[in-house]
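Trainee: What follows is a predicted protein model with its sequence.
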Amino acid sequence: MINKNLPILPNEKNVIGILGGGQLGKLIALSASKSGYKTHLYCPRGDNPAEMVVDKVTNGEWNDFEKLVQFSEDVACATSEFENIPSKTLELLSGNTNVIPSNVVFRCAQIRSKEKEMALKSGFNTPKWFLIKNTDDLITATQSLSNNAILKTNTFGYDGKGQFRINNNSNLFEIWEKLGAVECVLEELLDFKREISIMYFKSTDNTDGFFPLSENFHENGILKKTIAPAILNDAIKDELKLKTKKLSENLNFYGIIAIELFELVDGRIIFNEIAPRPHNSFHWTLDGCENSQFDILIRTICGLPVKDVKCNTKWEMKNIIGDDANNLNEIYSNQNYLLNLYGKKNIKAGRKMGHYNRQII
Ligand code: ADP
Ligand code: MG
């Protein structure tokens, strides 16, 4: 359901619903609040940083349909920060409120084989890939990729979780069991030059735009650092934007969407995955742009006009992961490090605790 009464402007009735209580939910709520909107958060009980900054919280499970219906009746629109939200949950909510991006978009992002098919249909190249349903499939596909591959669970992967690299020495049976003996995709392991990401947005008033590109550095499958804006040849960039718009059209997309990409040594751009929500590789926009990705998300779901966001300086964003959060003295001592701590109570290895932005030119 897309509300005909656009734009949704801030008033007592027009509360913005946020699904998911992590750092992305917190930063969405802060942007909404800055623009005068009240927010209502729905998330399971837990260590939820977003709870600190919203106007109202409903703690409930993703399948508590009674609570979800109550929530949907209280909000003018809703958006999810949590990529693995069951698409049934979004479908139910969309009976009562504007859910942006839609359940169709999230479903596509949640299933690696579906998102790859959609990417191919939209003109992108993907790594060679195979759908793997059992160990026989795995053995055959691994051979055809010359034992140089990555096995990823078809659903529920994030931050490098749910994936294993495969080489000549790998025990395929052991890896299959470690991933839970579930449906997977096997991908060719690319020897890329760099990783980049693009972010597109489209408001429910049908205006749209892009952020400048980001260049990303991963460690153990987790984003460690982003440098932006990333430089890319104009013709290649224009083609990339066309394909991104095509993919969005194919999904009847509204909201913000990031696409993770590999750039090969020969200049070809290869699709990795989509994220229809704020993306860690665009956290630099919080300090580097007049409107951050969170500000733009609010504008798109409320039907306010949007256009390309520019940035004339260069930024570095570094994640504070796990134990890094216990060693912040250097960052505290330098005011050029624009620190953003999420306020999570428990530090765990691989957990994103915060980030900082720093202008580098
Ligand atoms: P997640 O959903 O966990 O972010 P990704 O598919 O983005 O999963 O993989 C995480 C990281 O692993 C990527 O950012 C990249 O660094 C590396 N990676 C993933 N797929 C490939 C591939 N086919 N070839 C080379 N590296 C890859
Ligand atoms: Mg990824």
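Mentor: Great, that's in hand. Ligands and ions are numbered 1, 2, ... in the order given.
Trainee: burial count for the nearest residue to residue 242 once chain neighbours are set aside?
Mentor: Excluding the flanking residues, the one nearest residue 242 by CB to CB, 6 or more residues apart in numbering is residue 123, at 7.5 Å. Just so you know, the C-beta spots here come from the backbone N, C-alpha and C atoms, and that holds for glycine as well. Look at residue 123: counted by other CB atoms under 10 Å, it has 14 neighbours.
Trainee: Repeat that for residue 254.
Mentor: Around residue 254 there are 25 other residues, counting by other CB under 10 Å.
Trainee: picking that back up, which residues does the residue nearest to residue 242 contact?
Mentor: 242-243, 246 (CB atoms under 8 Å, 6 or more residues apart in numbering).
Trainee: Surely it is in a helix?
Mentor: No. Assessed by DSSP: H, G, I helix; E, B strand; the rest coil, residue 123 does not belong to a helix; its assignment is coil.
Trainee: Can you check the pLDDT for it?
Mentor: Here, the pLDDT recorded for residue 123 equals 98.
Trainee: Kindly provide the distance from it to residue 246.
Mentor: 6 Å (CB to CB, to the nearest Å).
Trainee: Over to residue 37?
Mentor: Residue 37 is 32 Å from residue 246, by CB to CB.
Trainee: if you count what's nearby, which of the two comes out ahead?
Mentor: residue 37 (22 against 16).
Trainee: To which secondary structure element is that one assigned?
Mentor: Using DSSP states H and E, residue 37 maps to neither a helix nor a strand.
Trainee: list the contacts for it?
Mentor: 10, 14-16, 298, 302.
Trainee: Next, format those residues as TSV and append neighbour count and secondary structure.
Mentor: Output for the contacts of residue 37, formatted as TSV (neighbours: other CB atoms under 10 Å; DSSP: H, G, I helix; E, B strand; the rest coil):
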residue	neighbour count	secondary structure
10	17	coil
14	18	coil
15	24	coil
16	28	strand
298	26	helix
302	25	helix
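Trainee: out of those, who's nearest ligand 1?
Mentor: Ligand 1 lies nearest to residue 298 out of these, by CB to the nearest ligand atom, at 24.7 Å.
Trainee: Contact partners for that closest one?
Mentor: 16, 28, 31-32, 35, 37, 304.
Trainee: Which one (most neighbours) among these?
Mentor: Busiest of these [other CB under 10 Å] is residue 28, holding 30 neighbours.
Trainee: so where's the protein shaky on pLDDT?
Mentor: For the chain, applying pLDDT under 70 flags the ranges 1-4.
Trainee: Helix, strand, or coil at the closest residue to residue 255 other than its chain neighbours?
Mentor: In this structure, residue 255 finds its nearest non-sequential neighbour in residue 101, 3.8 Å apart by CB to CB, 6+ apart. Under three-state DSSP, residue 101 falls in the coil class.
Trainee: isn't residue 101 right next to residue 79, touching?
Mentor: Yes. With contact defined as CB atoms under 8 Å, residue 101 counts as touching residue 79 (7.4 Å).
Trainee: Mutual contacts of these two, please.
Mentor: Common neighbours of residue 101 and residue 79 (criterion: CB under 8 Å, 6+ apart): 255, 277.
Trainee: before we move on, the earlier item: among the contacts of residue 123, which ones are in strands?
Mentor: Judged by DSSP state E, those include no members of strands.
Trainee: and which of the residues you listed is nearest residue 218?
Mentor: Residue 218 has its nearest neighbour among those in residue 243, at 22.5 Å by CB to CB.
Trainee: Flag every residue of the stretch 51-200 of the chain that's near ligand 1.
Mentor: 127, 150, 152, 157-160, 187, 189-190, 195 (CB under 6 Å from any ligand atom).
Trainee: Dump these to CSV, plus secondary structure and distance to residue 324.
Mentor: As requested, these are arranged in CSV below (DSSP: H, G, I helix; E, B strand; the rest coil; distance: CB to CB, whole Å):
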residue, secondary structure, distance to residue 324
127, coil, 31
150, strand, 26
152, strand, 26
157, coil, 23
158, coil, 19
159, coil, 15
160, coil, 17
187, strand, 29
189, coil, 28
190, coil, 28
195, strand, 21
